[in-house]
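Q: Turn this into a model:
(one chain, ligands or ions: 1)
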Amino acid sequence: MIPALRLGNGSQLPAVGLGMWKTDRSQVADLVKTAVDVGYRHFDCACDYGNEQQVGQGLKLALQSAACQREDLWITSKLWNTYHAAEHVRQACEKTLDDLGLDYLDLYLVHFPIATRFVPFEDRYPPEWFFDPESPNPKIEYAPVSIEETWRAMEQLVESGLVKNIGVCNFNCQLLRELLTWATTRPSVLQIESHPQLTQEKLIRFCGQEDIAVTAFSPLGAESYYSLNMAEENESVLRQPVIREIAAAVGRTPGQVVLRWGVQRGTSIVPKTARVERLEENLAIFDFELTKEQMEKISALNLNRRFNDPGQFCEAAFNTFFPIYE
Ligand SMILES: NC(=O)c1ccc[n+]([C@@H]2O[C@H](COP(=O)([O-])OP(=O)(O)OC[C@H]3O[C@@H](n4cnc5c(N)ncnc54)[C@H](OP(=O)(O)O)[C@@H]3O)[C@@H](O)[C@H]2O)c1
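A: A predicted model of the protein is given here:
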């Protein structure tokens, strides 16, 4: 059994989920089925990952084999930037549900506090970042849609039973504070990048005060970003002597130590792997504990190093300067 975080409305968010970003479509269905067999019950999906149909195939296999029931699963998906306008939110959610083969989501998150120009579903799906990738000088095109407009439409999804919980990703304290002043349905979850080199202590503490659960994405730090040229291999947290020493002391892998730190500090985590042996490794973090001193040593690796920063990658990869955190 995987421990769970109890949300304000009583829902139970499993502390570890399988991240689905960048897992090749050809692998996804089998991987999801195997993950359920190994014990995963939480899957972190998104329109933008381009593999929700294949996740749906895997879930179908798992449900058919009676490895679990729908109500045992926690399925998260995310509203893409192009669908922030009120009239597109429900359509986007329904497309995701259709691809996943589900009639409700456990959690639907606004993927970024970034609204971009609408791309019709039939023209391109997922639409990704460029408005028109075929144009001679493709750019990300901003759309003037307020977070309030998007959130009101997200609240409607809860009312209509399509989703059980709603939340946001990549918001800072001030955006959350603003949202909380007028939200009718509060965000259950904030999903943010967090790992030992980006500990986000103040944001996580603020969420604790506001009864918003936090899910850490990229919980292994740089590992996800080498292939995108967004991190250097010498930035690996897994190679840090402190992590290696603690791993040797507790008889676990560096990955398990970093993931254990993530759940022991009270966040849920959604590590991604496409390798079956690592599915098991990344879940086997509940039969040991880190001491207070070990926790502190790991937290002291903080460098405020953000690997997933639109202010950087939108310019490098999408020819558009698009800062959001500054
Ligand atoms: N909301 C957002 O804006 C946002 C942004 C980014 C990510 N996410 C979500 O968070 C999930 C996780 O983040 P992520 O995929 O960026 O990074 P991650 O889970 O921290 O790291 C994944 C990378 O680490 C490797 N890995 C996995 N387990 C390992 C282990 N035990 N030891 C060593 N290496 C290991 C994986 O390789 P192999 O596959 O080869 O094992 C992969 O290269 C995503 O899949 C996605 O669902 C959300």
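
Q: and the end-to-end length of stretch 250-269?
A: In stretch 250-269, first residue to last residue: 20 Å (Cα to Cα, to the nearest Å).

Q: anything in that stretch sitting right up against the ligand?
A: Yes. Shown here: stretch 250-269 in contact with the ligand (Cβ under 6 Å from any ligand atom) through 253, 255. Placement of C-beta: from N, CA and C, glycine included.

Q: what is the rounded mean pLDDT of that stretch?
A: Throughout stretch 250-269, pLDDT has a mean value of 98.

Q: in it, what's buried?
A: For stretch 250-269, burial by neighbour count (16 or more other Cβ atoms under 10 Å) applies to 250, 252-265, 267-269.

Q: Quick one: mark the members of those that sit in strands.
A: 268, 269 (DSSP state E).

Q: Enumerate every residue touching the most centrally placed residue in the chain.
A: Nearest to the mean C-alpha position of the chain, counting by Cα atoms, centre = their mean, stands residue 217 at 5.0 Å. Residue 217 makes contact with 19, 44, 169, 191, 192, 193, 194, 270, 308, according to Cβ atoms under 8 Å, 6 or more residues apart in numbering.

Q: As a markdown table, those residues with neighbour count would be great.
A: Putting the contacts of residue 217 into a markdown table (neighbours: other Cβ atoms under 10 Å) gives the following:
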| residue | neighbour count |
| --- | --- |
| 19 | 25 |
| 44 | 26 |
| 169 | 20 |
| 191 | 26 |
| 192 | 22 |
| 193 | 20 |
| 194 | 24 |
| 270 | 26 |
| 308 | 19 |
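
Q: Tell me the residues of the stretch 201-326 of the chain that contact the ligand?
A: 217-220, 223-224, 238, 253, 255, 270-275, 278, 281-282, 308.

Q: which among the residues you listed end up buried?
A: Of those, these count as buried by 16+ other Cβ under 10 Å: 217-220, 223-224, 238, 253, 255, 270-273, 281-282, 308.

Q: what separates the residue of the chain positioned farthest from its centre from residue 115, distance-wise?
A: Within the chain, residue 136 marks the point farthest from the mean C-alpha position, 32.6 Å out by Cα atoms, centre = their mean. Residue 136 is 25 Å from residue 115, where distance means Cβ to Cβ, to the nearest Å.

Q: can you check residue 191 too?
A: 18 Å.

Q: go on, residue 260?
A: Counting by Cβ to Cβ, the gap from residue 260 to residue 115 is 37 Å.

Q: where do the strands sit along this protein?
A: 4-6, 12-14, 18-19, 42-44, 74-79, 105-110, 163-169, 189-193, 213-217, 268-269.

Q: Please state the mean pLDDT value computed over the fourth one.
A: What strand 42-44 shows for mean pLDDT is 98.

Q: got the contact list for the residue in the stretch 201-326 of the chain that the ligand sits nearest to?
A: Using Cβ to the nearest ligand atom, the closest approach of the stretch 201-326 of the chain to the ligand is made by residue 255 at 2.7 Å. Going by Cβ under 8 Å, 6+ apart, residue 255 touches 220, 238, 271, 278, 281, 282.

Q: would TSV of the residues you listed with distance to residue 293 be doable?
A: Converted to TSV, those look like this (distance: Cβ to Cβ, whole Å):
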residue	distance to residue 293
220	22
238	20
271	24
278	28
281	24
282	24
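
Q: and the closest residue to residue 76 other than its chain neighbours, how many neighbours does it have?
A: Of all residues beyond its chain neighbours, the one nearest residue 76 is residue 107 (4.2 Å), with distances taken as Cβ to Cβ, 6 or more residues apart in numbering. Counted with other Cβ atoms under 10 Å, the neighbours of residue 107 add up to 27.

Q: Next one: the nearest residue to residue 42 once chain neighbours are set aside from residue 180, what distance?
A: Excluding the flanking residues, the one nearest residue 42 by Cβ to Cβ, 6+ apart is residue 17, at 3.1 Å. Residue 17 is 25 Å from residue 180, where distance means Cβ to Cβ.

Q: Settle it for me: which of the two has more neighbours?
A: Taking other Cβ under 10 Å, residue 17 and residue 180 do not tie; residue 17 has more neighbours (25 against 12).

Q: mind listing what the more buried one touches?
A: Contacts of residue 17 by Cβ under 8 Å, 6+ apart are 40, 42, 43, 44, 74, 76, 215, 268, 269, 270.
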